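Trainee: quick check, what structure comes out for this input:
(2 chains)
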Amino acid sequence: MIDIKDLSKIYIVGDERVHALDHATLHIYPEEFVSIIGPSGSGKSTLMNIIGCLDVADAGSYYLDGMPIESYTENQLAAIRNRKIGFVFQNFNLIPKLSAEENVELPLIYQKVKRAERAVRVKEALERVGLTKRAKHLPTELSGGQQQRVAIARAIVTDPKLILADEPTGALDSKTGHEIIDIFHELHSQGNTIVLITHDNDIAKQASRSIHILDGKTTEVKL
Amino acid sequence: MIIAFKMAIRSIGSNKMRAALTMLGIIIGVVALVVLVSLTSGATDSVTDAVSDLGSSMLTVTISDDKGVPITLDTVNEWMNESAVGEIAPYASSSATAAADGTSGEVTVYGTTPAYYDIQGLQLAMGRWLKTSDVENHTYVCVINEATAEELIGYTDCVGQAITLNGVRYTVAGVLSDEENSLTSLVSSGSMVAYLPYTSLIRLADSLTEEVTSFCVSAPENGTMDEVEAAMTQLLMERFEDDDDAFEVSSQSVLEETMGSVTSTLTILLGGIAAISLIVGGIGIMNIMLVTVTERTREIGIRKAIGANRRTILGQFLMEAVVICMIGCVLGIFLSWGILQTVNTVVSSLKMTFSLNGGVVMIAVAFCFLIGIVFGLYPANKAAKMKPIDALHYGG
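Mentor: Have a look, this model is predicted:
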């Protein structure tokens, strides 16, 4: 599913070269629930951006579902993000002007899915996160947990190969956080590949496998 | 497309005050363009109408060099027998001091023949017009217009009264009704005019002789103006040794053409000025769109993360700019319509009507669309080119 080899990313801060990623290597297989854990500044955000095709590496290779990501243009990457990856962010990243169902509908619009089919799939996705009743609400009218559920619905509505969650519980209290993690477990049991990025060991333990990242280097940890 | 349109409407609606102020620039531009051009073309139409009312069935001939064979009243009578020519009325004008019952004033005096009445399409209010016998016997009669009657005598019903012109006594034979709603009345309303037999005027004014230097010609009942013009030109060429500098034949259509070119230049000029104000409105749109793009950097990042490509983002912001422009355009056109209706009520006494000029409305719509595209393109492109990762982490 994900095959990353010797991936490096270098930022130049002032005169200093910072290795955000230093020959990172990792493999993730289909239908796995993997967590990537590391303290802040460890390069996990950079790794997440590269896995999510939001950014490209300076060196090394990244195959997503067999496709060499570094060889694609910006527009092709947009299509890959649209069809293969579902994002769940720490701060939800919903569009404030759009209602819950419109936020969920957006990736389907970019896929040019027909209106009738969109309606069915949006309804389905909201059902899976248990938010059918709040479909017409704006993000500002929803609690943090509910907003994150909308974001998860938006991530799964396209039926992506990979669900990429960046600190999905970071902005939530622990009870709500557990509810969100439960949703991920459920999605995993339904056959989705999930990559969860976190700095929290307890959350990381929820995954079936953990990869540790420190100073841009990755190490496998069995929990 | 429809979704993009809905999104644009929603995002414009989310900041109504700003959108309204931005639109105002476009609205003012459109109103300036549509109202100015419609007013000019409305005025042009009514002036052109007035000019053709004045007698498009008339030629005016002026002789500048008689080559030793001056035209006399007899020549004119001879020419009137030509089949291609209708009626001919020689005329000369002078000014004189008119007086009656102690009041006096400056009067423009025309000397002419009976044919003048029909050719010029004059209307008598009372009394009679000049007769052939008046011309033959150079009688001391005159026909005056209503303004003269009211100024000099004090009332219109003054047939048979006497007035003096430069001290010579004339009897008023008829009073002409002042034309309304024509160009002459617009230009010369209230001016005093008196018509005398041609021969009488020659006696009155020292500077005038028997020689006819200007006359007007009408077409026969079943002839066209072009035929008359050709026939008259031929007669004059024969008389004046084929020298076409000796005389000038001018018809109303020449006047109309000149006026047409003057007013179309005016229309282009005013339209151009209005177009500049539209462009200024367009710059306002560009300004606001740049602010919007910066404000919505995060939204752009989210959209890109979930799969919007450059074209989608470009389309979204371009659509927003065009929609602002087009809403402004439609409002501007409605406002222009309102203004023109108001102008119509205000100047209804002038018998001029101003209506929305269809052509300029089309131009305004097309121009607004173009402005939306041109001034929306740079901000939209700026949005489209944002890197998803930079946009996502912007300001948070």
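
Trainee: tell me the mean pLDDT over stretch B:31-49?
Mentor: What stretch B:31-49 shows for mean pLDDT is 83.

Trainee: in it, what's buried?
Mentor: Buried residues in stretch B:31-49, counted by 16 or more other Cβ atoms under 10 Å in any protein chain shown: B:31-48. Any C-beta I mention is one placed from the backbone N, CA and C, and that applies to glycine too.

Trainee: next, residue 90: secondary structure please.
Mentor: Just going to use chain A. For A:Q90, the assignment made with DSSP: H, G, I helix; E, B strand; the rest coil gives coil.

Trainee: follow-up on the earlier one: taking the buried residues of stretch B:31-49 one by one, which sit in helices?
Mentor: Taking DSSP state H, the ones among those that sit in helices are B:31-48.

Trainee: would you mind listing what in chain A touches chain B?
Mentor: Contact residues (Cβ under 8 Å from any Cβ of the partner chain) of chain A with chain B: A:49, A:52, A:54-55, A:74-75, A:78-79, A:81-83, A:87, A:89, A:91, A:93-95, A:97, A:106-107, A:109-111, A:154, A:158.

Trainee: restricted to strands, list those residues.
Mentor: A:F87 (DSSP state E).

Trainee: report the buried members of the residues of chain A next to chain B.
Mentor: Here, 16+ other Cβ under 10 Å leaves A:49, A:52, A:54-55, A:78-79, A:81-83, A:87, A:89, A:91, A:93-95, A:97, A:106-107, A:109-110, A:154, A:158 buried among the residues of chain A next to chain B.

Trainee: now the strands for chain A?
Mentor: Under DSSP E, chain A gives strands at A:2-13, A:16-28, A:33-37, A:59-64, A:67-68, A:85-88, A:162-166, A:193-198, A:209-214, A:217-221.

Trainee: show me where chain B has its strands.
Mentor: B:58-63, B:88-100, B:103-112, B:124-127, B:141-145, B:162-165, B:168-176, B:193-197, B:214-218, B:247-251.

Trainee: tell me the contacts of the nearest residue to A:G145 once chain neighbours are set aside?
Mentor: Closest residue to A:G145 apart from its sequence neighbours, by Cβ to Cβ, 6 or more residues apart in numbering or on different chains: A:T176 at 3.7 Å. For A:T176, the contacting residues are A:143-145, A:148, A:169, by Cβ atoms under 8 Å, 6 or more residues apart in numbering or on different chains.

Trainee: what's near enough to touch the residue nearest the centre of chain A?
Mentor: Nearest to the mean C-alpha position of chain A, by Cα atoms, centre = their mean, lies A:L164 at 1.8 Å. Counting by Cβ under 8 Å, 6+ apart, A:L164 makes contact with A:48, A:51-52, A:85-88, A:155, A:195, A:197.

Trainee: buried among those residues? Make that a PyMOL selection.
Mentor: Command for PyMOL, covering only those of the contacts of A:L164 found buried under the criterion 16+ other Cβ under 10 Å:
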select buried, chain A and resi 48+51+52+85+86+87+88+155+195+197
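
Trainee: which one of the contacts of A:L164 is nearest B:Y116?
Mentor: A:F87 (92.6 Å; Cβ to Cβ).

Trainee: residue of chain A nearest chain B, please.
Mentor: A:N82 (2.3 Å; Cβ to the nearest Cβ).

Trainee: skipping adjacent residues, who's closest to that residue in space?
Mentor: B:G307 (2.3 Å).

Trainee: in a markdown table, list the strands of chain B along with mean pLDDT and mean neighbour count.
Mentor: Converted to a markdown table, those look like this (pLDDT from 0 to 100; neighbours: other Cβ atoms under 10 Å in any protein chain shown):
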| stretch | mean pLDDT | mean neighbour count |
| --- | --- | --- |
| strand B:58-63 | 84 | 19 |
| strand B:88-100 | 88 | 20 |
| strand B:103-112 | 88 | 19 |
| strand B:124-127 | 87 | 15 |
| strand B:141-145 | 90 | 26 |
| strand B:162-165 | 89 | 19 |
| strand B:168-176 | 90 | 19 |
| strand B:193-197 | 90 | 26 |
| strand B:214-218 | 86 | 22 |
| strand B:247-251 | 82 | 17 |
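
Trainee: relative to chain A, which of those strands is closest?
Mentor: With Cβ to the nearest Cβ as the criterion, chain A lies closest to strand B:247-251 of those, at 66.4 Å.

Trainee: check which helices and strands that closest one sits against.
Mentor: Judged by 3 or more Cβ pairs under 8 Å, 6 or more residues apart in numbering or on different chains; DSSP states H and E, the packing partners of strand B:247-251 are strand B:58-63, helix B:225-239.

Trainee: most packed of those?
Mentor: strand B:58-63 (a mean of 19; mean count of other Cβ atoms under 10 Å in any protein chain shown).

Trainee: now for chain A, the helix or strand with the poorest mean pLDDT.
Mentor: Every helix and strand of chain A was ranked by mean pLDDT, DSSP states H and E. The lowest is strand A:217-221, at a mean of 82.

Trainee: centroid residue for chain B?
Mentor: Note: chain B centre (Cα atoms, centre = their mean) maps to B:T44, 2.1 Å.

Trainee: quick check, it in contact with B:S261.
Mentor: No. Counting by Cβ atoms under 8 Å, B:T44 stays clear of B:S261, with 10.9 Å between them.

Trainee: now for those two: what residues contact both?
Mentor: With Cβ under 8 Å, 6+ apart, B:T44 and B:S261 have no common neighbours.

Trainee: now distance to A:D3 too, for the helices and strands packed on strand B:247-251, in JSON lines please.
Mentor: As requested, these are exported to JSON lines (distance: least, Cβ to Cβ, whole Å):
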{"stretch": "strand B:58-63", "distance to A:D3": "96"}
{"stretch": "helix B:225-239", "distance to A:D3": "90"}
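
Trainee: so which of these gets nearest chain A?
Mentor: Ranking those by proximity to chain A (Cβ to the nearest Cβ) places helix B:225-239 first, at 65.5 Å.

Trainee: what's that closest one packed up against?
Mentor: Under the contact definition 3+ Cβ pairs under 8 Å, 6+ apart, helix B:225-239 sits against strand B:58-63, strand B:214-218, strand B:247-251.

Trainee: can you list those strands in TSV and add distance to A:Q190?
Mentor: Below are those laid out as TSV (distance: least, Cβ to Cβ, whole Å):
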stretch	distance to A:Q190
strand B:58-63	95
strand B:214-218	98
strand B:247-251	91
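
Trainee: among these, which is nearest B:K16?
Mentor: Here strand B:247-251 is closest among the helices and strands packed on helix B:225-239 (Cβ to Cβ), at 59.2 Å.

Trainee: tell me where the model's unsure across chain A.
Mentor: A:222-223 (pLDDT under 70).

Trainee: related to what we said a few turns ago, and the residue nearest to A:G145, how far from B:I288?
Mentor: To B:I288, A:T176 is 39 Å away according to Cβ to Cβ, to the nearest Å.

Trainee: got it, and A:E102?
Mentor: 24 Å.

Trainee: thought A:V195 was touching A:A165, still the case?
Mentor: Yes. Using Cβ under 8 Å, A:A165 is in contact with A:V195, at 7.0 Å.

Trainee: A:L21 contacts A:S42, correct?
Mentor: No. Taking contacts as Cβ under 8 Å, A:L21 lies outside contact range of A:S42: 9.9 Å.

Trainee: contacts only, for A:I28.
Mentor: Residues in contact with A:I28, defined by Cβ under 8 Å, 6+ apart, are A:1-2, A:34, A:193, A:195.
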